[in-house]
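S.K.: sequence? don't have it. structure:
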């Protein structure tokens, strides 16, 4: 009796026919240009340059950002002062990088607070019963109907927030409503899934279920909102500083630099407002382009499922 386990597939099966050939599928190598196709490479490079310049501001700056060069008031861009000076004699080139550091810190910190509150609140509302969910959503809609700037102004006056941490916290706790609604809708779609029910039956608490089962399933869907919240926090800080209600005068940011716009227009010193405005707008556009790319990638992923 023949043991079939000792016989190879080539001996068991024999290909017959005239002119048969074996074809092997060869995978085409994807070039580096094809990998970058459709990606906002230019925006990523610009954003990386701005971020690195702000992080290493002490190496990039060529003047003391807190120094007042009284002999060079409102000096136009030149060899000594690359971006010129403002009405106080401060070097705008150095202020750009140090001010950008403060603006980016506020943007990232505010976005982190928005993400933590919005995700936690949305998960609680999405997993709660109908009555609790209705109350939580009505509260979110009520708070979301109030203008964000008005809420920030009221909270700033009540808590007297005049530093980076205080401004970040106030911007964060007033901007999570939209994210909470998105998270809530995503959680309600997956809360009755088998793996979620199994985790609950095994004794998993709310924190365990949220961290290991809920968040991994909707994190890609909220990435656009999270990235966009960075630019919205930077914009809000710039608006507050432009109105003179943000950071104190000794803390430099892109918004506080733009607060000198009225004097710059009167004195015809265009570089005082144009250069910080260009850096702010370019950074916000780059962040928006990266966020739009993330949203399109998520939509393509779900459409191919």
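M.R.: Done, it's in. What you see is a predicted model, and the numbers here were worked out from it, not measured in a lab.
S.K.: every contact and neighbour count from this point should use C-alpha atoms.
M.R.: Will do.
S.K.: so where is the chain shaky, pLDDT-wise?
M.R.: 1-28, 30-36, 299, 301-305 (pLDDT under 70).
S.K.: quick one: the strands in the stretch 201-305 of the chain?
M.R.: Ranges of strands in the stretch 201-305 of the chain, per DSSP state E, counting those that start in this stretch: none exist.
S.K.: just the helices in it please.
M.R.: For the stretch 201-305 of the chain, the helices defined by DSSP state H, counting those that start in this stretch cover 206-209, 215-218, 223-242, 254-258, 261-267, 271-303.
S.K.: so of those, which one's packed in deepest?
M.R.: Of these, the one with the most neighbours on average (mean count of other Cα atoms under 10 Å) is helix 254-258, at a mean of 26.
S.K.: mind giving me the packing neighbours of that helix?
M.R.: Using 3 or more Cα pairs under 8 Å, 6 or more residues apart in numbering; DSSP states H and E as the contact test, the elements touching helix 254-258 are helix 92-127, helix 223-242, helix 271-303.
S.K.: let's go with 6 Å and repeat that
M.R.: helix 223-242 (3 or more Cα pairs under 6 Å, 6 or more residues apart in numbering; DSSP states H and E).
S.K.: about what we covered before: can you put the helices of the stretch 201-305 of the chain in CSV and add distance to residue 65?
M.R.: Formatted as CSV, those follow (distance: least, Cα to Cα, whole Å):
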stretch, distance to residue 65
helix 206-209, 45
helix 215-218, 42
helix 223-242, 18
helix 254-258, 12
helix 261-267, 19
helix 271-303, 14
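S.K.: how many residues are close by residue 186?
M.R.: 21 (other Cα atoms under 10 Å).
S.K.: ok, now residue 270?
M.R.: Residue 270 has 15 nearby residues by other Cα under 10 Å.
S.K.: where's it relative to residue 128, distance?
M.R.: From residue 270 over to residue 128 the distance is 55 Å, taken as Cα to Cα, to the nearest Å.
S.K.: residues of stretch 172-189 that come out buried?
M.R.: 172-177, 179-184, 186-188 (16 or more other Cα atoms under 10 Å).
S.K.: now do the phi/psi pair for residue 85.
M.R.: When read as degrees, to the nearest 10, the backbone of residue 85 gives phi -130, psi 160.
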